[in-house]
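Visitor: Only the shape, not the letters, is given here:
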């Protein structure tokens, strides 16, 4: 394995630069800096060293520290951190205290972490680690309000509250239970005088509804404490590697807080009392189907789904896919529903977890993605392989799923039906050679969703061949040969399998919606040959009564469910879980 290191928020010409609060605002990696890399949850790690400070390239610190891919189609879960002395484990690593930062941050600002993530082998390519500071940075600037003198601010003290200690785990820094208290920030007086700016590094945490910033004006009996308690969920949801800026106007009656530029990458941007117009924002969106434009002022650069907004903080977002996209980040939305005032970078996506019945399941390389079923237009490069017929995991499906590479699937977001039958002719369920004693289940209920497990039982407990289980075998091989190569199952899915009786009945019940989606696709060049289920019988993977001589088939003309001899031909269509 080969690796490179960069820091979130810092880009060319210094992709490997890491941010600190040194006088020059940043410090670069130096050749020989060690980085710990783990692929077993933090139980052990190897040490790599920076070999090229300008690109962040790394090499193993000797043969004993070299990590290898075992095969070309595998995926590894990797995490990395710096410095190596930050012991990482599943239960958290060495505890660090952040209570007193009044004299500076010491080594706290140098704790960098690349969160655990799946990486796939790429011939000749490097695993590109994006490091983030393990802590969040909070900056507070005080302004004089009604009834307050400049001298009051000069003598003010500021404290932050929250976790005062934490440990670095495989997925990042977490606070130590019972360590809640006050944190003394570093005070910096701007050149030319004026109220100080207060900066502290804090444990990532959500501070909504909690006393977060304490400002004390005066001393002794004349001291008055003012508290800022965030009310909105986005005001102080402190994330690792992000910077949060608060301009606080202190008045006799309390604090007036302006939250500005929050959630931007930690690059030591100085506080500006009106920074929203000067912060640079990154916007990640689908390469097609979503249109982004500057709303007022500023300039937008980039293409293919990756954009940078400079000199402004507002964009319009219009979605050709219909209303159902997710926009992640901090923002306000104007009354027109399309104008977004940004407070952080944005990620615009329609994820697999957002699936609904009728959505189009498409492929980009070996990766699956969704286009909402109510899309009003389709991208020119759309490569649809199926339609979602059930969103989320069916409650009665207790199958033990693995993906097509044999790894466990942590979540089932839904089920997809193929756009056409796996064969242009009918297929037998099984041959007559002793398969009657092979049982996978006899249910006719709509709650029978064990199609995947049924096929696994055939594969692992029977003579798995085209001759013995033609219907199930053809489903598994769907997409592996012409004329169906375009329908290859996506990475991370269960792979195609012969649906159970309940899964076929679900398809029948949703036939109007799903056949309507098929018709939408047929109007697109390249999809003319696809079609909905014939008005005939289709095999399920569920067996029938009378021993195992029979299997259940479902009629797509009338929804009839009945058993039939396994050696008779019926039509077959595959499904997969994702």
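Guide: Ah, there it is. What you are looking at is a predicted structure, and each value in this text was computed from that prediction instead of being measured. Numbering: from 1, shown residues only.

Visitor: Which parts of the helix or strand hosting residue 307 count as buried, going by neighbours?
Guide: Residue 307 belongs to strand 306-310 when assigned by DSSP states H and E. Buried residues in strand 306-310, defined by neighbour count with 16 or more other CB atoms under 10 Å: 307, 309. C-beta here means a position set from N, CA and C on the backbone, and glycine is covered the same way.

Visitor: Stretch 550-568 now?
Guide: Quick answer for stretch 550-568 (16+ other CB under 10 Å): 550-556, 561, 563-564, 566.

Visitor: Contacts made by it with the rest, please.
Guide: Applying CB atoms under 8 Å, 6 or more residues apart in numbering, the contact partners of stretch 550-568 are 428-432, 435, 442, 444, 501, 504-505, 508-509, 511, 533-546, 548-549, 570.

Visitor: Looking at it now, give me its mean pLDDT.
Guide: Averaging pLDDT along stretch 550-568 yields 89.

Visitor: ok, residue 488 - contacts?
Guide: Per CB under 8 Å, 6+ apart, neighbours of residue 488: 363, 366, 385, 479-480.

Visitor: One more pass at 10 Å, please.
Guide: With contact set as CB atoms under 10 Å, 6 or more residues apart in numbering, residue 488 has these partners: 363, 366, 385, 404, 478-481, 495-496.

Visitor: And the residues you listed, which of them are buried?
Guide: 363, 385, 404, 478-479, 495-496.

Visitor: Kindly reformat the buried residues of stretch 550-568 as JSON lines containing distance to residue 189 and secondary structure.
Guide: Shown next, in JSON lines, are the buried residues of stretch 550-568 (distance: CB to CB, whole Å; DSSP: H, G, I helix; E, B strand; the rest coil):
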{"residue": "550", "distance to residue 189": "86", "secondary structure": "strand"}
{"residue": "551", "distance to residue 189": "81", "secondary structure": "strand"}
{"residue": "552", "distance to residue 189": "79", "secondary structure": "strand"}
{"residue": "553", "distance to residue 189": "81", "secondary structure": "strand"}
{"residue": "554", "distance to residue 189": "77", "secondary structure": "strand"}
{"residue": "555", "distance to residue 189": "82", "secondary structure": "strand"}
{"residue": "556", "distance to residue 189": "77", "secondary structure": "coil"}
{"residue": "561", "distance to residue 189": "80", "secondary structure": "strand"}
{"residue": "563", "distance to residue 189": "85", "secondary structure": "strand"}
{"residue": "564", "distance to residue 189": "86", "secondary structure": "strand"}
{"residue": "566", "distance to residue 189": "85", "secondary structure": "coil"}
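
Visitor: Name the single longest strand found in this structure.
Guide: When the chain is parsed with DSSP state E, its longest strand is strand 254-265.

Visitor: Pull out the buried residues from the helix or strand following it.
Guide: As assigned by DSSP H and E, the chain's next helix or strand after strand 254-265 is strand 281-284. By neighbour count on 16+ other CB under 10 Å, the buried set for strand 281-284 is 281-283.

Visitor: do the same with stretch 73-85
Guide: So for stretch 73-85, counting by 16+ other CB under 10 Å, buried means 76, 78-82, 84.

Visitor: among those, which are in strands?
Guide: 76, 78-82.

Visitor: Who are the contact partners of the spatially most central residue of the chain?
Guide: Residue closest to the average C-alpha location in the chain (CA atoms, centre = their mean): residue 351, at 8.2 Å. Shown here is residue 351, whose contacts under the criterion CB under 10 Å, 6+ apart are 325-326, 328, 369-370, 413.

Visitor: Helix, strand, or coil at residue 521?
Guide: Three-state call for residue 521 (DSSP: H, G, I helix; E, B strand; the rest coil): helix.

Visitor: wait, it sits on residue 530?
Guide: Yes. Residue 521 is within contact range of residue 530, at 6.2 Å (criterion: CB atoms under 10 Å).

Visitor: all helices for the chain, in order.
Guide: 150-154, 451-461, 470-476, 501-509, 511-522 (DSSP state H).

Visitor: What helices and strands are in contact with the last one?
Guide: Counting by 3 or more CB pairs under 10 Å, 6 or more residues apart in numbering; DSSP states H and E, the packing neighbours recorded for helix 511-522 are strand 360-364, strand 384-391, strand 414-418, helix 501-509.

Visitor: Test of understanding: give the bridge partners of the residue nearest to residue 157 when sequence neighbours are not counted.
Guide: Closest residue in space to residue 157, ignoring its immediate chain neighbours: residue 216 at 4.6 Å, by CB to CB, 6 or more residues apart in numbering. Per DSSP bridges, the residues bridged to residue 216 are residue 157, residue 225.

Visitor: Would you enumerate the residues in contact with residue 216?
Guide: Residue 216 makes contacts with 155-159, 223-226, as judged by CB under 10 Å, 6+ apart.

Visitor: next one: residue 231
Guide: Counting by CB under 10 Å, 6+ apart, residue 231 touches 208-209, 257.

Visitor: Buried among those residues? Need that as a selection in PyMOL.
Guide: Only the buried entries of those go into this PyMOL selection, using 16+ other CB under 10 Å:
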select buried, resi 257
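
Visitor: from the contacts of residue 231, which is closest to residue 408?
Guide: Nearest to residue 408 among the contacts of residue 231, counting by CB to CB, is residue 208 at 34.7 Å.

Visitor: Does the closest one touch residue 234 like I think?
Guide: Yes. In this structure, residue 208 is within contact of residue 234 by CB under 10 Å, at 8.5 Å.

Visitor: The spatially closest residue to residue 111 that is not a sequence neighbour - how many residues pack around it?
Guide: Nearest residue to residue 111, sequence neighbours excluded (CB to CB, 6+ apart): residue 134, at 4.4 Å. A count of nearby residues for residue 134, using other CB atoms under 10 Å, gives 27.

Visitor: likewise the one 10 residues further on?
Guide: Neighbouring residues of residue 144 were enumerated by other CB under 10 Å; the total is 16.

Visitor: In the beta-sheet assignment, what are the partners of it?
Guide: Applying DSSP bridges, one finds that residue 144 bridges with residue 250.

Visitor: Could you check how far it is from residue 6?
Guide: Distance of residue 144 to residue 6, given as CB to CB, to the nearest Å: 41 Å.

Visitor: re earlier: among the contacts of residue 216, which one lies nearest to residue 381?
Guide: residue 158 (53.1 Å).

Visitor: ok, now how distant is the closest residue to residue 47 other than its chain neighbours from residue 48?
Guide: In space, and not counting its chain neighbours, residue 47 is closest to residue 61: 4.4 Å by CB to CB, 6+ apart. According to CB to CB, residue 61 and residue 48 sit 6 Å apart.

Visitor: Read off the pLDDT value for the residue of the chain most remote from its centre.
Guide: Centroid-distance maximum for the chain: residue 221 at 51.8 Å, with CA atoms, centre = their mean. Per-residue confidence (pLDDT) for residue 221: 72.

Visitor: do the one 3 residues further on as well
Guide: pLDDT for residue 224: 83.

Visitor: wouldn't it be in contact with residue 215 here?
Guide: Yes. Taking CB under 10 Å as the definition, residue 224 is a contact partner of residue 215 at 8.9 Å.

Visitor: any residues in contact with both of the two?
Guide: residue 250.

Visitor: quick one: which of the two has more around it?
Guide: residue 215 (21 against 11).

Visitor: any idea how the protein splits into domains?
Guide: 3-277, 281-349, 354-577 (automatic domain parsing).

Visitor: thinking again about what came up before, relative to residue 287, which of the contacts of residue 231 is nearest.
Guide: Closest to residue 287, out of all of these and judged by CB to CB, is residue 208, at 34.5 Å.

Visitor: got a list of what the closest one touches?
Guide: So residue 208 contacts 229-237 (CB under 10 Å, 6+ apart).
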